[in-house]
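>>> Everything below, folded, please.
(2 chains)
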Amino acid sequence: MTWTSRSGFTLSEVVVSFTVLLIATTMMIALFIPSMSLFRRQSGKSDSYRDCLLLMEKFQMSILNSQIETVTVATDAQAISWQEVKDGVQPFSGTTGDPQMSPDFGVIFYDSSQQRVYYTRAEGAGAGPNEPAILSQSALNSSRNISSKASKVLARNIVQFVITDKDGDTAIIEAPLKLSITCEIDTSGTETNDTESYQLVSSVTPRSRRW
Amino acid sequence: MVKLKFRTGVSLMSTLLLVTIVVSVAAAMAGMFTLNISLTNRVSNGSVALSEAEAGLAEVLYQISHEDNIEGTGNEENPLVNWGLNGETIRATITPGMNPDEAYHVVTFDPGHGFPYSTNNTNLTNDTGYQGRVVPDGMFHVISTGYCKGQYRTIECVIEKPPFPFGLATSGKIDSADPIRVLGTSSQSGYHAGETDRPGHILCNSPEGVTIRADEHGLTSTEISGFVKSVGPVNIEQPAVVRGGVQSLAEATTLTDIDIQQFRLGSEEQGVISLLDDDYHKDQELDVMYSYVRGGTLRYHGDVELQQAMIWVEGNLVIDGALTGEGLVIATGNVDINDGANLNGTDKMALLAGGDIDIGRDGGNPEANYFSGLVYTEGNLTAKNITIVGNAVVNSQNPDKGHAILENVTFVSNEETGDMTTVITTSKEAKGGYDGGDGVGAPPVGDMGFLSGAEIIGDFEQNDLGYVDSSRIHERDEHIAAMKRDIWARAEAGAGFPSLEIPPGLNPDAANLWNQLAEILEIAEAYHDAVKALQDQQELVDSLSNTDPRKPIEEAKLAPLTKAMNDAQSTQQDFESTIEGYIDSVYDYVGAYTDDKGSFNDGIHELDITKEIRFNLNEYLPQSDRIKMSFWKVYPRRM
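This is a model prediction of the structure:
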């Protein structure tokens, strides 16, 4: 019993060890908390960068593969539609080489209240496969429906989304089409009171052209 | 002992828990970073891969536009390109800092290659491409695969050399006082049926650019189904639709530059009708080659229809009516066409001018006034209230010229006109044309009023009978029979004979015909005189009594007169053969000249000369400018 009692820690030892543990823990927390903050910031920056890139890639691919004749830019510059080219074995005409147009239109639009950019399709709005068609402003606006199941989120935390063209007047489109977006993520916390934003501008000219 | 172990375990567990939490959080942070970096890298590498694929496509474009690789057959629009027919493969890297395994592009025309293959169908036999794609005749189906660090981007495109694509192309400014329409069609007959299946484009090489104003009454709006490309600014007042968009402040594009002097027709050239008057008052139906080299202004006061005809004018040309049909009109000076025509599915012509072209009229409706074909001017083009179905090119070396001044005009770019072959026919016998037609200057034929008491032959004003015109060309045998019969009968009647009045100022060919007619009439008149002399002598003899001593004397005169009459009568065969020769000469003469409608082909002389004149507006462009991509698609993967 005495041996057992002698084998325990003395009060001094316990005090010292807890003091050391406290110091070590404090040091770890002191290191960890800022790194968490740093992580949040970097993560936000990275997320915004990724969202912008992915959105821009979708925009670029879609517009590159379209015909300018089929493009409509909304008057508020926050939506764009284009007629899609048919997929499949024969995406172009075997006699003229013109793209075989799908009756469906692709639409990218921005909802400022949600700060989200969506992609949706206006199905069946085009005519036959040989004639490019165009969505009217009213048809484009009516396709901007965030509650539709067809609408899929392309990017979040977008605080600025502007589609314009070379001269800024999209009533008559002057290529290239220019998309400017800003993604902003709130990274504020105990250590920071900040937001991370990333801005990207991309110009694209539809490549298929009827001659 | 148990207590000691318990205390030690708690401390260890706490440490392990703390370490685990810290490691987990760190791992999650690292994982998220890695994922984001991976996504970012994927997008970045995809972008590089797309650039590589574009580089492969650019190499193909270079190769197929290289003169050494073009042989000039195939079909007319797309000559045979021999590059891409022998399994050629391009593989290279353009990305700096990356080795050929990290980034590259591949384009192959080898179906046995590991990558998707491209197809050259300019030889018109390779019409099946990768994955069973149907490749249009004369075109390329190109698949360019780009790669960068695990990311593929594949571009699939169709490359062609379409006909000249511009409805209106100018070196000077384009200025429209009101909205214009620019449409396109693949064929004249298609447009006639209402098809506008191609786009209509506008090109302006002037720094002054394009100005299209709105309708002040708001009744019409500008509609351009293709694009507007301009070196200068483009100002199109709303409302307006430009389906193909606007390309302002663009680089200049090579314009069609036709040397109109190459079409010069000299009056001495075989098969060319020399236009000998300045004014032609009737509607014209021109069917051969015509040359006006008088240096002034040739004016047609009515419509002009070309029937595989060609007009060369050294000077100015004015057509008060419409210009229609198939053919070629070239003037070294200005051209005014003051009216349009109804739309016709077969009209196909080229109108070329060294000076200005003014086409259309005040107050017309473009939907009822058409000009079909190519319009090319080295001056200015002024058009109003008209639809031009074809291509209009305004190309002047003079910086103050080359403008298109428009008012209420519709252009319908016609793919057929961009590469058009016009067939011109004529005859080796063609000589000249007068306002009045081929009757002018030629003597009469047929009965010429001999049995109805005509006193003067050749008096155009008084006895306008017997002149050969297009309506009587087929009466050749009747003319011969009537001349033989009626002139001889008049001579035989012996009761007076018309005199011949040869008009002054005839050309040598016509004067020769009059001389032949005079010869015929001399024969007949000699017979007439012999008959009359015998008749008069017989009357004199009959009037004398048998007791009259003069009677035997006068009777004795009858015998030589009878002989003279018989001799004269015996000339009837010569008379008739002379008539036949005369009629032949008159028909040759008439046939060699045009009628009052300007037509040559009246069945007398065959059209034994045929010329084919091709206007390929693209041939003036460098090969690289002729290439167009009609289909282009990028896939975010390997095909």
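>>> Need the three-state assignment for the residue in chain A that chain B sits nearest to.
Chain B sits closest to A:Gly94 of chain A, with a gap of 3.2 Å, by CB to the nearest CB. C-beta: built from backbone N, CA, C; applies to glycine. Assigned by DSSP: H, G, I helix; E, B strand; the rest coil, the conformation of A:Gly94 is coil.
>>> which residues does B:Leu451 contact?
By CB atoms under 8 Å, 6 or more residues apart in numbering or on different chains, B:Leu451 lies in contact with B:Asp486, B:Ala489, B:Arg490.
>>> helices or strands next to the lengthiest helix in chain A in the packing?
Longest helix in chain A, counting residues (DSSP state H): helix A:11-64. Under the contact criterion of 3 or more CB pairs under 8 Å, 6 or more residues apart in numbering or on different chains; DSSP states H and E, helix A:11-64 touches strand A:79-85, strand A:101-111, strand A:152-155, strand A:177-186, strand A:195-204, helix B:2-64, strand B:628-635.
>>> so it versus helix B:2-64, what angle?
Counting by axes from the mean of the first three to the mean of the last three CA atoms, to 10 degrees, helix A:11-64 lies at 20 degrees to helix B:2-64.
>>> if we can go back for a sec, can you lay out the helices and strands packed on helix A:11-64 as CSV showing distance to B:Gln270?
Converted to CSV, these look like this (distance: least, CB to CB, whole Å):
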stretch, distance to B:Gln270
strand A:79-85, 56
strand A:101-111, 54
strand A:152-155, 74
strand A:177-186, 60
strand A:195-204, 60
helix B:2-64, 43
strand B:628-635, 42
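>>> Lowest average pLDDT across these?
Across these, helix B:2-64 has the smallest mean pLDDT, namely a mean of 79.
>>> right, quick check: it against chain A, any contact?
Yes. Counting by CB under 8 Å from any CB of the partner chain, chain A has neighbours in helix B:2-64: B:4, B:18, B:22, B:25, B:29, B:32-33, B:36-37, B:39-40, B:43-44, B:46.
>>> from these, which would you call buried?
B:Met29, B:Asn36, B:Leu39, B:Val43, B:Gly46 (16 or more other CB atoms under 10 Å in any protein chain shown).
>>> Most widely separated two among those residues?
Spatially, the most separated pair among these is B:Met29 and B:Gly46, at 25.8 Å (CB to CB).
>>> next one: the longest helix of chain A to chain centre, how far?
A distance of 23 Å separates the C-alpha centroid of helix A:11-64 from that of its chain, computed with CA atoms, centre = their mean, to the nearest Å.
>>> low-scoring pLDDT stretches of chain A, where are they?
A:1-7, A:125-131, A:189-193 (pLDDT under 70).
>>> can you rerun that using 80?
A:1-10, A:28-51, A:123-131, A:185-198 (pLDDT under 80).
>>> tell me which helix or strand of chain B sits lowest on mean pLDDT?
Counting by mean pLDDT, DSSP states H and E, chain B has its least confident helix or strand at strand B:70-74, which shows a mean of 61.
>>> Figure out how far the very next helix or strand once past that strand is from the centre of its chain.
Under the assignment DSSP states H and E, the closest C-terminal helix or strand after strand B:70-74 is strand B:79-81. Here strand B:79-81 is found 24 Å from its chain centre; the criterion is CA atoms, centre = their mean.
>>> The stretch of helix or strand B:Leu183 belongs to: which residues count as buried?
For B:Leu183, the element it lies in under DSSP H and E is strand B:181-185. Across strand B:181-185, burial judged by 16+ other CB under 10 Å covers B:Arg181, B:Val182, B:Leu183, B:Gly184, B:Thr185.
>>> cool, and stretch B:38-56?
Under 16+ other CB under 10 Å, the buried positions of stretch B:38-56 are B:39, B:42-43, B:45-56.
>>> do the same with stretch B:272-282
B:Val272, B:Ile273, B:Ser274, B:Leu275, B:Leu276, B:Asp277, B:Tyr280, B:Lys282.
>>> and the gap between the residue positioned nearest the centre of chain A and A:Leu55?
Geometric centre of chain A, nearest residue: A:Ala155, 2.7 Å, by CA atoms, centre = their mean. A:Ala155 is 4 Å from A:Leu55, where distance means CB to CB, to the nearest Å.
>>> Need the residues touching each of these two.
Common neighbours of A:Ala155 and A:Leu55 (CB under 8 Å, 6+ apart) are A:Val117, A:Ile181.
>>> returning to that earlier point: and which of the buried residues of strand B:181-185 is nearest to chain A?
Nearest to chain A among those, counting by CB to the nearest CB, is B:Gly184 at 8.5 Å.
>>> Grab the nearest non-local neighbour of that closest one.
Take B:Gly184 and drop its neighbours on the chain: the residue closest to it by CB to CB, 6 or more residues apart in numbering or on different chains is B:Arg198, 3.5 Å away.
>>> Make sure that neighbour is actually in contact with B:Val182.
No. Taking contacts as CB atoms under 8 Å, B:Arg198 lies outside contact range of B:Val182: 11.1 Å.
>>> any shared contact partners between the two?
Common neighbours of B:Arg198 and B:Val182 (CB under 8 Å, 6+ apart) are B:Ser413.
>>> Distance of the residue nearest to B:Gly184 relative to A:Pro132?
Distance from B:Arg198 to A:Pro132, by CB to CB: 12 Å.
>>> and if you look at B:Thr332?
For B:Thr332, the distance to A:Pro132 - CB to CB - is 43 Å.
>>> how far is stretch B:54-65 from where the chain is centred?
34 Å.
>>> Mind listing what's buried along that stretch?
Buried-residue list, stretch B:54-65, by 16+ other CB under 10 Å: B:Glu54, B:Ala55, B:Gly56, B:Leu57, B:Glu59, B:Val60, B:Leu61, B:Gln63, B:Ile64, B:Ser65.
>>> Which residue is the nearest non-sequential neighbour of the residue of chain A closest to chain B?
Closest to A:Gly94 by CB to CB, 6+ apart is B:Val134, at 3.2 Å.
>>> residues contacting A:Ser197?
A:Ser48, A:Val159, A:Thr182, A:Cys183, A:Glu184, A:Ile185.
>>> From B:Ala526, how far off is the residue nearest to A:Gly94?
In terms of CB to CB, B:Val134 sits 85 Å off from B:Ala526.
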